[in-house]
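A structural model of the following input is requested.
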Amino acid sequence: MDVLTKEIREATQQRFSEALTGHVKIFHFTQEPSRLALPDYLKGQECMFCKETKSLLRDVCSLSQKIELILYDFLADADKAKQYNIDKIPATIITGNTEKNVRFFGIPSGYEYASFIEAIVDVSKGSTNLNPETIEALKGIDTPIHIQTFVTPTCPYCTTSVRLGHQFALESSRIVADMVEATEFPHLTQKYHVIGVPRTIINESITVEGAVPEETFLEYVLKATKPEEIK
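Residues are numbered from 1 along each chain as shown. So this is what the prediction gives:
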């Protein structure tokens, strides 16, 4: 059964037809309902939207022959989860000819569906529409940067932060950028005191409240490369 409406399917297929150039691989880590040996923080819970997320991805990936969906079971394929540093599910990585650090934790629905589709397009093209000055600054980053942007599907402003994080990750191999659907991971929303979204956490030390312009987002990321200056 298709997850997308006829109108969204047609619009997505047209977007892919016009914009996809290179091959895209989507690695998806999920959990089958029969699996019971969950990590400690998930014990007593089933993966909230694993079934729906897998169905959504299958529907999206059927819209272009340039997209390949590769499914892994979070527990049965624990070695793969460790290889890709996946510690929660549903988890989706979008990659191309070279491995990229563009990741989605939780279902990319609502406004985040657009973030998901545009991430596929960016990975396929191997380029972003970031300002040249931003791209040049990102090339100089030589320390690991982890960006986590907490979102909800009904937040129209969250896509801005998610898109910037993912585009930054595409321009720098030192950056890993995650979309984290806040309601699916309550242990993380509590840990990072997520009350409103978008809320972006960079290297566990810098918090960005709300959606900010590209130049401001870059300032926060560059600040994270100098932990000795963070107060």
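
pretty sure Ile93 is touching Gln83, no?
No: the pair Ile93 and Gln83 does not pass the contact test of C-beta atoms under 8 Å, sitting 10.7 Å apart. Where C-beta positions appear, they are placed from N, C-alpha and C, glycine not excepted.

if I look at Leu75, how far off is Cys50?
12 Å (C-beta to C-beta, to the nearest Å).

more neighbours: the two, which one.
Cys50 (22 against 16; other C-beta atoms under 10 Å).

identify the residues contacting that one.
Thr30, Gln31, Ile89, Pro90 (C-beta atoms under 8 Å, 6 or more residues apart in numbering).

of these, which pair is most distant in space?
Spatially, the most separated pair among the contacts of Cys50 is Gln31 and Pro90, at 7.9 Å (C-beta to C-beta).

higher neighbour count, these two?
For Gln31 versus Pro90, neighbours defined as other C-beta under 10 Å are more numerous around Pro90 (27 against 20).

and the more buried one, backbone torsions?
Note on Pro90: its backbone torsions stand at phi -70, psi 140 [degrees, to the nearest 10].

quick one, what contacts it?
28-31, 47, 49-50, 53-54, 105-107, 184.

so for it, what's the nearest residue that isn't a sequence neighbour?
Leaving out its chain neighbours, the residue that sits closest to Pro90 by C-beta to C-beta, 6 or more residues apart in numbering is Thr53, at 4.1 Å.

over to Ala114?
Thr159 is the one closest to Ala114 (C-beta to C-beta, 6+ apart), at 5.8 Å.

that neighbour against Phe116, yeah?
No: the criterion here is C-beta under 8 Å, and Thr159 misses it with Phe116 at 9.7 Å.

ok, Lys100 touching Glu171?
No: between Lys100 and Glu171 there is no contact under C-beta under 8 Å: 10.2 Å.

more crowded one of these two?
Between Lys100 and Glu171, counting by other C-beta under 10 Å, Lys100 is the more crowded of the two (23 against 20).

and the more buried one, that's in a strand?
No: looking at Lys100 with DSSP: H, G, I helix; E, B strand; the rest coil, it is coil, so not inside a strand.

wait, what's in contact with it?
By C-beta under 8 Å, 6+ apart, the neighbours of Lys100 are Ile93, Ile94, Val123, Ala169, Leu170.
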